[in-house]
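K.L.:
Return atomic coordinates for the entry below.
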Amino acid sequence: MQGFSQRRVLLGFLGFLLSFSVYGEGYQSRLASKGITLYPDVKYGAHPLQAFDIYARDGISNAPVIFMVHGGAWSKGDKSAESVVRNKVQRWVAAGFVFVSVNYRLVPEVMPLEQLQDLQQALVSAQKSIRKFGGSSDDFLLMGHSAGAHLVALLSSTQAEVIQKGGNSWLGSIFLDSAALNVPEIMRSKHYGFYDKTFSSNSEFWLQVSPYHQIKSDLNPVLLICSNRRLKACEQADRYADKARSYGISASVLKSPYSHKDINVKLGLANDYTWRVEQFMSRLGVQVQDVLIRVKADMGKDDGAGVGPFRLLIQKVKAKRTD
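P.N.:
Model prediction:
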C-alpha cells in the first residue's frame, strides 16, 4: 500500500508539473518580441479538448511543421504545458518552423483508439489550415512524448487512413521515450495501475493499440528516443526499430542519459541531444534542412574543434548541393 500511495503522489506531482502553461502575458510578449505569434485553441472537433495551438513566425511561408502530442499517462496533460512547448518553440519556431501543439480527449472518458481518432482528425485539420499560418501541408513532422509518443507511434502507422480522411503524408516521426511500444508485453508483466485503466484486460485490444504490432510497410522514417535509465523502454525501442527495418523502413534509436521528463524538457536547448535529433530531422527534406541552417551556429553544442554542429550541417548541405 505504501508503494501505491507513493505512486499516487508521484502521478499527482506529474500532473502539477504538466499544468504549467505558456499562456501568460509575459511569455506571449517574449514570443512577440521574436516575431512569433501564438494562435490558441484552434478547434478540430466539438469537444473542448479537441483543439490545438499554433506557433508561427511572422512573414513565413511554405514552412515545415512540427505536430506535437503531449503526454500524461493518457489521462492528463495539456498542449500548453511549458515542458511541451517552451524550448522547442524558442529554438525551432524562431528558426522558421511552425509548431502545432495538440490536445485530445483523455482516459477514462475515451480509450486510446478514440484518442488516435482525435489525432487523425487534428492532423487532417491542421494540414488543411496550416497554409494561412505560413506552413506547408506536405512537410509535417510528427512528435510526441511519453503517452503522446505511444499515440504518435499509432498515428504513424495509419497513413492510409489519414489520406483517406483528406490528409497528406508526413515526413517522419519522433517518439520521445514512449510509455508503451509493445502493449501485450507490458500488460503480461508487472506494471503500473494506470496501464490497466488505459488498456483494460482485453488481449485483442492490446494488439490494436500496440505500435509494435501495428507497424506497416508504408511507415515513414522514425527516430525513437529512450532514457537509458529505463532499460525496458530502450529494449522495446530497439525491438520496434528492428521490426521496422525488416520492412525496409528507416528507423533509428537514440539512447539518452536524460530522465523521462528531461527528454521532453531539454529538447530544444543547446545541447548534444538536441543536435542529434536535428541530425535526424535534417535528413527528412530540403525544407527542413533550410530551416535548420538558419539556426545560429552558436546555438549548438561545440564539437571541441571550434566548429558548432550547425556550422557543420551548413557545410555538409552546401557540399551536397554543389555535387
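K.L.:
List the pairing partners of the strand ranked longest in the chain within its sheet, with orientation.
P.N.:
Ranked by residue count, the top strand of the chain under DSSP state E comes out as strand 135-145. Sheet pairing of strand 135-145 (DSSP bridges) gives strand 63-69 (parallel), strand 172-176 (parallel).
K.L.:
shaky segments in this structure?
P.N.:
For the chain, the stretches flagged by pLDDT under 70 are 1-26, 296-323.
K.L.:
residue nearest the centroid of it?
P.N.:
Nearest to the geometric centre of the chain sits residue 143, at 1.8 Å (Cα atoms, centre = their mean).
K.L.:
Isn't that one up against residue 172?
P.N.:
No: applying Cβ atoms under 8 Å, one finds residue 143 not in contact with residue 172, separated by 9.6 Å. Heads up, the C-betas are built off the backbone N, CA and C, glycines and all.
K.L.:
So which elements touch the helix or strand residue 280 falls within?
P.N.:
Following DSSP states H and E, one finds residue 280 within helix 272-282. On a contact count with 3 or more Cβ pairs under 8 Å, 6 or more residues apart in numbering; DSSP states H and E, helix 272-282 meets strand 172-176, strand 222-227, strand 251-256, helix 286-293, helix 309-322.
K.L.:
buried residues in stretch 235-242?
P.N.:
The neighbour-count check on stretch 235-242 (16 or more other Cβ atoms under 10 Å) flags 236-238, 240-241 as buried.
K.L.:
from the residues you listed, which ones fall inside strands?
P.N.:
Judged by DSSP E, the subset of those located in strands is empty.
K.L.:
Let's see which of those residues end up in helices.
P.N.:
236-238, 240-241 (DSSP state H).
K.L.:
Residue 144 contacts residue 71, doesn't it?
P.N.:
Yes: under the criterion of Cβ under 8 Å, residue 144 makes contact with residue 71 at 7.1 Å.
K.L.:
Looking at those two, which is more packed in?
P.N.:
Neighbours were counted for residue 144 and for residue 71 using other Cβ atoms under 10 Å; residue 144 has more, 30 against 27.
K.L.:
Distance to residue 63 added to the buried residues of stretch 235-242, as TSV?
P.N.:
As requested, those are exported to TSV (distance: Cβ to Cβ, whole Å):
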residue	distance to residue 63
236	33
237	29
238	33
240	30
241	29
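K.L.:
which one is residue 121 nearest to, not counting chain neighbours?
P.N.:
Once flanking residues are discounted, residue 121 sits nearest to residue 44: 5.5 Å by Cβ to Cβ, 6 or more residues apart in numbering.
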